[in-house]
Each structure stands twice: as structure tokens, then as C-alpha cells.
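[1] Below are the sequence and a predicted model; questions follow.
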Protein chains: 2
Amino acid sequence: MFDILVVEDNQNTRKLLTTILSADGYNTLTANDGEEALAVLEHNHVDLMVLDVMMPRMDGYSLTKILRENGSQMPILMLSAKQNVADKKNGFLVGIDDYLTKPFDFEELLLRVKALLRRSKIVTEKKLTVGSVKLDYDKYTVTTPTLSEQLPQKEFLLLFKLLSYPDMVFTRLQLMDEIWGMDAESDDHTVNVHINRLRTRFADTPDFEIVTVRGLGYKAVRHDE
Amino acid sequence: MFDILVVEDNQNTRKLLTTILSADGYNTLTANDGEEALAVLEHNHVDLMVLDVMMPRMDGYSLTKILRENGSQMPILMLSAKQNVADKKNGFLVGIDDYLTKPFDFEELLLRVKALLRRSKIVTEKKLTVGSVKLDYDKYTVTTPTLSEQLPQKEFLLLFKLLSYPDMVFTRLQLMDEIWGMDAESDDHTVNVHINRLRTRFADTPDFEIVTVRGLGYKAVRHDE
DNA sequence: CGCGCAACTTAAAACAAACGTAAAATAAAC
DNA sequence: GTTTATTTTACGTTTGTTTTAAGTTGCGCG
């Protein structure tokens, strides 16, 4: 469900961390140092980072600093053998969210990870991407390479729902319930009309389509050519 | 600038906490136990809570639980003399964000408070810029290339809120809460009028605009051409 | 002490967009 | 080839927003 990047040069510790996190149901990615981490972040989705301070090439402070300067708001939990406040201070100054000293209690690590994810889920923008269509719920924007306009509310919500589970088929009733409310008096046909409006909007976005599943409903699909 | 509620029954510790926090520029409020804290929260604006576990009448766990169940997302830092993981676990389970064991290092407390405030998307920045519009909260100034005037208070606060998260949509209610206070009985339309005034002010600032999101609210947007 | 101005609120009218409906056109299934 | 499901178009209604204006409050200054 959540993707956690473990950045740690010591192989044993790295393995330990990934084992703990995997056992709790997280997907883990790994990097040996800051530079590797940046490379991983370029090509993968990461929800949270567990970061060692001491590493060759690029240490945890530098990595955090770079990320924050580039506007990243990813939750970062820093690990260090150092107990002293000066090191913690360094970490918090560059923008970490939590700091744990080694040796750490496994359970406490998991608790803190969970707390960070919970909070970041509250505040991070709900962003969805399917193909070249990007939707940002909080900013209320939908962009493709060719267009960038404000969708009307119903269309926006409809698209949001469809994009939230790409390829999954939603019945008209499901969509109605979600957008118009359970008691919706309205007709199924209303959904059709809004779907149609969405389609004309994305007519010239070749890698995205809303597909009809006859007898069932609709789904959002990405075409890679 | 930020209002922090200290909930702690021991008078000495309470005093210590408020002193540390005040020295760092926070406004502090206090409560002796959970019940008192609830009363304080009803009538005051609070950005973050520093919370002792052990208290008469209503302890920290119960208070946190009640708040979370009521939908509060306020950052909560829990303090306890107990070192063991079980107590931390209890805390995190009911929804705290951070846990510090007594005796704690003053500096670390301040660091963690700051990290929580940043993470919870409460703006620490008092100088904001969107496009060519620059706002300085302390100086109470707003400047663009073409104008440099003093805005009336409500307009200023409204703009501040909007600029604090560019592109993010704020509902009229959110804006009201921020500027007029939670209990404001006033009409939504008041917001509209002030938005309108702001718009006429920035009419000839081409790279800045307050955009309406129909059915939701407003957002501050930068146009780059 | 009260006059006058600025800031704010309220109300009302004008405006615009979004929405849902219906009906016609098209496509798929049997 | 007929039926059923879906798409498309058009239009009227509704709802939300903007704008204008008038009314109220509070404060500084004469």
C-alpha cells in the first residue's frame, strides 16, 4: 500500500529495516546513499523515506536539504547512532520530520512511520495520474499536455473517482452514489452526459480514454503506444 | 504567532513548558487536565497541543481519542515519564503525532514542535510571494510592480490566507474561520465582497489572479507567460 | 463632542455557468 | 433486423457568483 524508501549504506541495517517494514505490509525500496536515493526517487513513487545520516557520497542531511529545496514534502524519518541534540538539530533544520536514535525499538519505528503517514495523508495533495492526465484534488486542477482548464464540479468528481482506480469498472450507480449521494433521485442518464462531456474534453489526449463497458459502466484506461 | 496549548497537571512542569515555548515566540495557553483542555479548545484558536499523559480527571490518551473522533487534526505532541514502548504505542494508537519522554531536552522539544507545525501545513513563512505580488505579514505590506498600498485588515488577512497556499482551493467557510473566527455567524457573501475588492485591486497585475472554483471557493493563482 | 471618513457588512439585482432532461442518433447485441 | 444500450445534441432551469449600492460601525481629528 505505501511505498517506503530505505536509504542506508550498511547492508545489515538496511536488510533489517526492509524486513521490519515489509512485515508490516509496506513496499520497500532501497538505496545505498543519497545519490542513489535521488535516482530512485526520479523513477519511483515513494510515500516516505527512512534515512540514515552517515553515508558515503551524499549523507542524509544533504539529501534532505536538496529534496526540501526542490519543494518535496515527503515525510522523512532520520536514523542515527548519535544521541546528541546537535545532530538532531541539524536534521530538523534541513527539514526532517522525525528522528530516531540507533539502536531503535522496531515497534517504535513502525509507530512513528505510521503516524507520519497518517499526517501526511491529511495534508499532502491528493494527486492522481493516468497516462498524461494529472489531477490534483486540493488544487482542483486537471492537466494534460494540451489543456489545463477548470472542470465543472460533477465532471471533476467523476474523473477523480474514475482515476482513483484506473482500469476498474464503475457502474453508473456507484458513480451516482459517490458524486450525487446515495439518495440520488437523478437518472442514470445524467452520468452518461457527464461522461460524454469528459470525453470531448480529452478527445486529443491520445494516451487516456474513458471506456464503456457495455451493460456495466465505465472505466478510465491508459493507452501506451 | 502560533498558539500552543500546554496540558499538564504538574504546575512546575507546566510553567517550565510555557517558559520554553514562550521564549521561542509561541503564544501559550494552559490547561490542568483533559477536561479543561476541551474547554479551552472550545473558545480559543490552538495550532498545536503539548500533552502530558498522566493527569487527573481526563488523561492524555482519552483527550486525544475524543479530539480525533471529533475530526480534529491538530498536531499533538505527547509527553510522558514512561520510557516503555507500550505507552508510546497507546499514544500513537489514539492518534498522537510525536512522543517525547521526560526528562526531555528543551531544544529537542522545540525542534519537534517546529517540525510538527511545518508538517501540518501551518504556515511559518510570513513573507509570501505569488507571481509579482509580495506580502509581508509583519510589515503589513502588499506590493506589486504597479501598486504599493495598505490593504484594509480583512482584505489583507484574506490575501494572506490565499497566498499561504497558492493554487489550493479554500472554501468560504475556511476563509471565514481563519479571518473572522470559528464562531463567526457572518454570511458567506461577506467573503465574496472582499474577494471582489481584492480583485479590483489586482486588476492590472497580469500574473496574479484570484480564481473562483464554482461550488467550492477561491484560490490564488500565478500566471506565467 | 460630534463630524467625517474609511472599513466593513448586508441586501438586491444582474449575470453566468453548470446541470439535468428529453429527444434524436448511433452502435452493439441477440 | 429488431431491440436494447449508449452517445450526442440542444435547451431551459437552477444555482452560485459578481457587481453595485446602500447602510452601519468605529475611529481619528477638528
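    Arrived safely.

[2] Quickly list the domain ranges of chain A.
    Following automatic domain parsing, one finds the domains of chain A at A:3-123, A:127-222.

[3] For DNA strand C, which of those domains is the nearest?
    Closest approach to DNA strand C among the domains of chain A (C-beta to the nearest atom of the strand): domain A:127-222, 2.7 Å. In short, each C-beta sits where N, CA and C put it, glycine included.

[4] What mean pLDDT does the closest one get?
    Confidence over domain A:127-222 (mean pLDDT, whole number) is 90.

[5] That one close to DNA strand D?
    Yes - on the criterion C-beta under 7 Å from any atom of the strand, domain A:127-222 is in touch with DNA strand D at A:189, A:192-193, A:195-196, A:199-200, A:212-217.

[6] Strands - which of these land there?
    Judged by DSSP state E, the subset of those located in strands is A:Thr212, A:Val213, A:Gly217.

[7] Any chance of CSV for those residues, columns neighbour count and distance to A:Met78?
    As requested, those are exported to CSV (neighbours: other C-beta atoms under 10 Å in any protein chain shown; distance: C-beta to C-beta, whole Å):
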residue, neighbour count, distance to A:Met78
A:Thr212, 14, 49
A:Val213, 11, 47
A:Gly217, 20, 46
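
[8] if we can go back for a sec, quick check: of the residues of domain A:127-222 next to DNA strand D, which lies closest to B:Arg68?
    Of all these, the one with the least separation from B:Arg68 (C-beta to C-beta) is A:Gly217, at 35.7 Å.

[9] isn't that closest one right up against A:Thr171?
    Yes - counting by C-beta atoms under 8 Å, A:Gly217 touches A:Thr171, with 4.1 Å between them.

[10] Let me see the ranges of the strands in chain A.
    With DSSP E as the criterion, chain A has strands spanning A:3-7, A:27-31, A:48-52, A:76-80, A:98-101, A:127-130, A:133-136, A:141-143, A:148-149, A:170-171, A:208-213, A:217-222.

[11] What strands flank the fifth one, and is each parallel or antiparallel?
    Strands flanking strand A:98-101 in the sheet, each with its direction: strand A:76-80 (parallel) (DSSP bridges).

[12] Buried residues of the strand it pairs with, list them for me.
    Using 16 or more other C-beta atoms under 10 Å in any protein chain shown as the test for burial, strand A:76-80 gives A:Ile76, A:Leu77, A:Met78, A:Leu79, A:Ser80.

[13] and what of stretch A:213-225?
    Using 16+ other C-beta under 10 Å as the test for burial, stretch A:213-225 gives A:Gly217, A:Tyr218, A:Lys219, A:Ala220.

[14] center of chain A, which residue is that?
    Using C-alpha atoms, centre = their mean, the residue of chain A that lies closest to the mean C-alpha position is A:Asp47, 5.5 Å off.

[15] Now that one: closest residue in space, sequence neighbours ignored.
    A:Phe2 (4.4 Å; C-beta to C-beta, 6 or more residues apart in numbering or on different chains).

[16] likewise A:Leu116?
    Excluding its sequence neighbours, the residue lying closest to A:Leu116 (C-beta to C-beta, 6+ apart) is A:Pro75, at 4.1 Å.

[17] just to revisit the earlier point, biggest separation within the buried residues of strand A:76-80, which pair?
    Farthest apart among the buried residues of strand A:76-80 by C-beta to C-beta are A:Ile76 and A:Ser80. That separation is 12.5 Å.

[18] highest average neighbour count across the strands of chain A?
    Neighbour counts (mean count of other C-beta atoms under 10 Å in any protein chain shown) averaged over each of the strands of chain A peak at strand A:48-52, with a mean of 26.

[19] For that one, which helices and strands make contact with it?
    For strand A:48-52, the elements it packs on are strand A:3-7, helix A:11-23, helix A:60-69, strand A:76-80, helix A:106-123, judged by 3 or more C-beta pairs under 8 Å, 6 or more residues apart in numbering or on different chains; DSSP states H and E.

[20] Could you export the ones you listed as JSON lines, including mean pLDDT and distance to DNA strand D?
    Below are these laid out as JSON lines (pLDDT from 0 to 100; distance: least, C-beta to the nearest atom of the strand, whole Å):
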{"stretch": "strand A:3-7", "mean pLDDT": "96", "distance to DNA strand D": "34"}
{"stretch": "helix A:11-23", "mean pLDDT": "95", "distance to DNA strand D": "42"}
{"stretch": "helix A:60-69", "mean pLDDT": "94", "distance to DNA strand D": "34"}
{"stretch": "strand A:76-80", "mean pLDDT": "95", "distance to DNA strand D": "37"}
{"stretch": "helix A:106-123", "mean pLDDT": "88", "distance to DNA strand D": "24"}
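
[21] As a markdown table, those with distance to A:Glu35 would be great.
    A markdown table is the format used below for the helices and strands packed on strand A:48-52 (distance: least, C-beta to C-beta, whole Å):
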| stretch | distance to A:Glu35 |
| --- | --- |
| strand A:3-7 | 10 |
| helix A:11-23 | 16 |
| helix A:60-69 | 8 |
| strand A:76-80 | 16 |
| helix A:106-123 | 24 |
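
[22] from memory A:Arg197 sits against A:Glu155, does it?
    Yes - here A:Arg197 lies in contact with A:Glu155, judged by C-beta under 8 Å, at a distance of 5.8 Å.

[23] Can you pull the residues of chain A lying near DNA strand C?
    Taking C-beta under 7 Å from any atom of the strand as the criterion, chain A approaches DNA strand C at residues A:150, A:152-155, A:180, A:185-187, A:189-190, A:193-194, A:214.

[24] Any of these buried? List them.
    Among these, those classed as buried by 16+ other C-beta under 10 Å are A:Lys154, A:Glu155, A:Thr190, A:His194.
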